[in-house]
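*Asks:* Sequence plus the predicted model coming up.
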Amino acid sequence: MLVLLGVLLVVVGFALRLNPLLVVTVAGIATALLGGLSPLTILNTFGTGFATNRTVTLFILTLPVIGLVERFGLQQEAGRLIGKLRALTVGRMLAAYLLVRQLTAALGLKDIAGPAQTLRPLIAPMALGAAERKHGRLSDEAVERVKAFSASADTVGLFFGEDVFLAVGSVLLITSFVDSTYHLKLDALQIAIWAIPTAICAFVIHGARLLWLDRQLARMANPTPAKEVVA
Amino acid sequence: MITADWLYWLCGAIFLGAAVIVGRDRENPKRIGSVAFWALLGLSFWYGTFVVRKAAPPWLLGLAVIAMACLAGFGALGKGGGLRSTTEKQRVALAERFGGRVFVPALIIPVVAILFATLVVKIKVNGQPLLLKGSETLIGLGVGSVLALVVGLLILRPTPASIGSGPLTPAVPLREGTRLLQAIGWAAVLPQMLATLGLLFDQAGVGKVVGKLTKDVLPQGSLIWAVVVYCLGMAVFTIVMGNAFAAFPVMTAAVGWPVLIQQFHGNPPVVFAVGMLAGFCGTLCTPMAANFNIVPAVLLEMKNQYGPIKAQLPTAIPLLACNVAIMYFFAF
């Protein structure tokens, strides 16, 4: 039971908004000590954990080119372009992105989009551009909300698309764990197929909430709508 | 065979380049701490390759990782300084001048990644696949990024006067990348640290304790409660660990296999597939899944780090209920 103190440390640390990196490090060391691990084992775990998980940080590779095109007005151009498409509200645009993200992830193409590759340079500025065309200059609160929903469309689309693909990590984890532990012979295709009902529910629920965003923004918008404001 | 290793080396080089650029930025009030952080991170990326190959002791890297956490945690890492990009006004003018061409580099990255995942993946050399299995898209992402950079330098090649500050050299993208890196700051390494925390939790036996607790709260003989406990347990344990992969073996050993499969004869593919997705609902709600929930907020320069989680929470809860219903009606 004592090892759960480490979990408590994490919860309290995050709730107090202390620096997450420090919270995680302290919680990790505390939990490991309570669990009876030696200091050398703890250091070794930090080392191997860091080395074997470098993949999650590879989005850094895109930053120089993203920074370069931002310098030349990528975000402004994205906003301007989307401002021309009158029918495309921010909600509709993000719902379409959600669908594309789900479908491509379901085909195994989960690294083609993401926060660094598509969200920051393209999707968020387009969403902001679409919102500004419709609702005029956005309040800080509205900008935050559009950004938050742009990020959510990317994440929800990825999570509830990738499992429909056979060779994704989570499907392989299920089959390898269950097969080796319980001596079954699970078919990866069956696992993938049974991810489809949840994928549809995710699209319906989150897609509806994205469309609802248009109304929320209309309510939040300035009472004097500035029609001609373009990003 | 091409592996993902060179990507880590390139990534390390970017961090080291950032350290140099930050080091030359006299306007940065936290120059020394920032240089130490980015340099340590770059070297760690290189050293990590030898740790994975078991050619170097991991504890040294462990020390470096803890040192980075301390640098970041005690505020030695600066956010800004004298690294300036073009102004909003200049950008609007540049966007007008270059028009759609500015999209080309940004679009090259996903297009190359798709090509690698679909076509290059089939290329074989001497009967061996050219790309390491499982790393195809990542390698595509790396190649795409490099190619996009070259194309970007070629088509945007501007006169020095039009780009604000300094002439255009390959150092410009590095400066711009460093500017973005500084905006991301410590959040760049948080996902890796959280994965490490998951390992430590696992080794310390957190999973076993949670599994036992779950068994204790489970009412005997009720199918619907067993389904609810399995799905909710997956979500809650994922929130704690930040990763459904860590929760799955624990909850499956506690409830999924002994109760749902053995006792109630559920259909295994449905139970396990939907159980994992119930865990994903938890991932939507937790700052512990930093790469999905915190990094985007930082990248979008949001005021509230928890903004994406707040946007996802009202989706995650009904979706969890859907998972319970899907499992209950289709698995039994």
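*Replies:* Structure's in. What do you need?

*Asks:* What score does the residue with the largest distance to the centre of chain B have for pLDDT?
*Replies:* Ranked by distance from the centre of chain B (Cα atoms, centre = their mean), the top residue is B:Gly221, with 40.8 Å. The model reports B:Gly221 with a pLDDT of 83.

*Asks:* And for the one 10 residues further on?
*Replies:* B:Cys231 is assigned a pLDDT of 96 by the prediction.

*Asks:* all helices of chain A, in order?
*Replies:* Secondary structure of chain A (DSSP state H): helices at A:4-15, A:20-34, A:39-52, A:63-71, A:74-84, A:90-106, A:124-135, A:140-162, A:169-182, A:188-193, A:196-220.

*Asks:* Which of these sits closest to B:Leu141?
*Replies:* helix A:63-71 (11.5 Å; Cβ to Cβ). Heads up, the C-betas are built off the backbone N, CA and C, glycines and all.

*Asks:* Now find how far off-centre that closest one is within its chain.
*Replies:* 21 Å (Cα atoms, centre = their mean, to the nearest Å).

*Asks:* Next, the closest residue to B:Ala93 other than its chain neighbours: phi, psi?
*Replies:* Distance criterion Cβ to Cβ, 6 or more residues apart in numbering or on different chains; nearest residue to B:Ala93, sequence neighbours excluded, is A:Gly73 at 7.6 Å. Main-chain torsions, A:Gly73, degrees, to the nearest 10: phi 90, psi 30.

*Asks:* distance of A:Gly73 from B:Gly48?
*Replies:* Going from A:Gly73 to B:Gly48 by Cβ to Cβ, to the nearest Å gives 37 Å.

*Asks:* again with B:Leu119
*Replies:* Counting by Cβ to Cβ - B:Leu119 and B:Gly48 are separated by 30 Å.

*Asks:* So those two - more neighbours on which side?
*Replies:* More neighbours surround B:Gly48 than the other of B:Leu119 and B:Gly48, with 28 against 11 (other Cβ atoms under 10 Å in any protein chain shown).

*Asks:* Now that that one has come up, it's in contact with A:Ala51, right?
*Replies:* Yes: the pair B:Gly48 / A:Ala51 is scored as a contact, 3.5 Å apart, by Cβ atoms under 8 Å.

*Asks:* what touches both of those two?
*Replies:* With contacts defined as Cβ atoms under 8 Å, 6 or more residues apart in numbering or on different chains, the residues shared by B:Gly48 and A:Ala51 are B:Leu61.

*Asks:* want to throw the helices of chain A into CSV with mean neighbour count and distance to B:Ala106?
*Replies:* As requested, the helices of chain A are exported to CSV (neighbours: other Cβ atoms under 10 Å in any protein chain shown; distance: least, Cβ to Cβ, whole Å):
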stretch, mean neighbour count, distance to B:Ala106
helix A:4-15, 17, 33
helix A:20-34, 22, 29
helix A:39-52, 21, 30
helix A:63-71, 26, 5
helix A:74-84, 21, 6
helix A:90-106, 22, 15
helix A:124-135, 25, 11
helix A:140-162, 25, 15
helix A:169-182, 17, 27
helix A:188-193, 18, 31
helix A:196-220, 19, 23
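
*Asks:* Any chance of those helices in JSON lines with mean pLDDT and distance to chain B as columns?
*Replies:* Conversion of the helices of chain A to JSON lines gives the following (pLDDT from 0 to 100; distance: least, Cβ to the nearest Cβ, whole Å):
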{"stretch": "helix A:4-15", "mean pLDDT": "86", "distance to chain B": "5"}
{"stretch": "helix A:20-34", "mean pLDDT": "90", "distance to chain B": "3"}
{"stretch": "helix A:39-52", "mean pLDDT": "92", "distance to chain B": "3"}
{"stretch": "helix A:63-71", "mean pLDDT": "88", "distance to chain B": "3"}
{"stretch": "helix A:74-84", "mean pLDDT": "82", "distance to chain B": "4"}
{"stretch": "helix A:90-106", "mean pLDDT": "94", "distance to chain B": "8"}
{"stretch": "helix A:124-135", "mean pLDDT": "91", "distance to chain B": "5"}
{"stretch": "helix A:140-162", "mean pLDDT": "96", "distance to chain B": "4"}
{"stretch": "helix A:169-182", "mean pLDDT": "84", "distance to chain B": "5"}
{"stretch": "helix A:188-193", "mean pLDDT": "88", "distance to chain B": "4"}
{"stretch": "helix A:196-220", "mean pLDDT": "95", "distance to chain B": "4"}
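
*Asks:* so which of those helices gets nearest B:Phe37?
*Replies:* Using Cβ to Cβ, the helices of chain A put helix A:20-34 closest to B:Phe37, at 10.4 Å.

*Asks:* follow-up on the earlier one: how close does the residue farthest from the centre of chain B sit to chain A?
*Replies:* Separation of B:Gly221 from chain A (Cβ to the nearest Cβ, to the nearest Å): 22 Å.

*Asks:* Domain-wise, how is chain B divided?
*Replies:* With domains defined by automatic domain parsing, chain B comprises B:1-84+B:167-188, B:88-164, B:204-330.

*Asks:* quick one: average pLDDT of the second one?
*Replies:* This points to domain B:88-164. pLDDT averaged over domain B:88-164 gives 80.

*Asks:* Show me how far that domain is from its chain's centre.
*Replies:* With Cα atoms, centre = their mean, you get 20 Å for domain B:88-164.

*Asks:* can I see the domain layout of chain A?
*Replies:* Using automatic domain parsing, the domains assigned to chain A come out as A:4-52, A:58-220.

*Asks:* and B:Val259, which of the ones you listed is closest to it?
*Replies:* Comparing the domains of chain A under Cβ to Cβ, the one sitting nearest is domain A:58-220, at 13.2 Å.

*Asks:* Grab the nearest non-local neighbour of the residue most central in space within chain A.
*Replies:* The geometric centre of chain A, computed from its C-alpha atoms, lies nearest to A:Thr155 (Cα atoms, centre = their mean), at 3.0 Å. Nearest in space to A:Thr155, with sequence neighbours left out and distances taken as Cβ to Cβ, 6+ apart, is B:Phe292 at 5.0 Å.

*Asks:* What residues does the one you found make contact with?
*Replies:* With contacts defined as Cβ under 8 Å, 6+ apart, the neighbours of B:Phe292 are A:Thr155, A:Leu158, A:Phe159, B:Thr283, B:Leu284.

*Asks:* Out of those residues, which is nearest to B:Ile155?
*Replies:* A:Leu158 (30.2 Å).

*Asks:* How about the contacts made by that closest one?
*Replies:* Contacts of A:Leu158 (Cβ under 8 Å, 6+ apart): A:Arg101, A:Ala105, A:Lys110, A:Ala113, A:Gly114, B:Phe292.
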